[in-house]
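Peer 1: Just the structure for this:
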Amino acid sequence: MLQHFIQLLQSPHIEVVEQVIWGIGNIAGDSPMTRDSVLNSGALERIAAVLETATPGTSFMRNASWAVSNMCRGRPQPAYNLVRGAIPCLIKVLCENDKENIITDICWALSYLSDSAQQRLSDLLKPNLIMRLIQLMRHENCAIAIPCLRTIGNIVTGDDSQT
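Peer 2: Numbering: from 1, shown residues only. Just a heads-up that it's a prediction; the model follows:
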């Protein structure tokens, strides 16, 4: 069934693609086991590609950012090699959007991705991302400020050059 969903991501009908992304996000959010199945299916790469070209601020982008966030979270953490490819897309979406619900999901995804190993941090050390996170740490919405603070906090736990 999951492979059928993955194939539907290539549908020319945006309404179908949006519903498929919503379904995949639900599957990924159910448990670490189902999240890993989704990641191993290649869904993250396809959804990240769709997210990268989506119109900023749309419900389509909202669903895709939520689904990607679900694929990045959980304990045990997902295998980094399966989520690493989403980082450029997450940075782009964060820097180009002002909708709080989209920003919130992207910030939480970045928080999950920055948690633990130092080698992960190097992928996040992009000037546009750091500046955007610093800007958003001052956001009045705690659901945005908290994951930004966590991500910056994770970065400063890295080695001297990362800090």
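
Peer 1: Just the CA trace of the helix or strand bottoming out on mean pLDDT in the chain, in CSV.
Peer 2: Comparing every helix and strand of the chain by mean pLDDT, DSSP states H and E singles out helix 118-124 as the least confident one, with a mean of 81. Taking only C-alpha atoms (Å, rounded to 0.1, in the frame of the first residue of the first chain), the coordinates of helix 118-124 have been written out as CSV:
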residue,chain,number,x,y,z
GLN,A,118,28.1,16.5,15.8
GLN,A,119,28.3,15.4,12.2
ARG,A,120,24.7,16.3,11.8
LEU,A,121,25.4,19.9,12.8
SER,A,122,27.7,20.6,9.9
ASP,A,123,24.7,20.1,7.5
LEU,A,124,22.8,22.8,9.4
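
Peer 1: can you start the count at 7 instead of 1 from here on
Peer 2: All right, first residue 7 from here; so that's helix 124-130.

Peer 1: Mind giving me the packing neighbours of that helix?
Peer 2: In this structure, helix 124-130 packs against helix 106-120, helix 148-161, with contacts taken as 3 or more CB pairs under 8 Å, 6 or more residues apart in numbering; DSSP states H and E. To be clear about C-beta, it is placed using only N, CA and C from the backbone, and glycine gets the same treatment.

Peer 1: Quick check: what element follows that helix along the chain?
Peer 2: Going down the chain from helix 124-130, the next helix or strand is helix 133-143, by DSSP states H and E.
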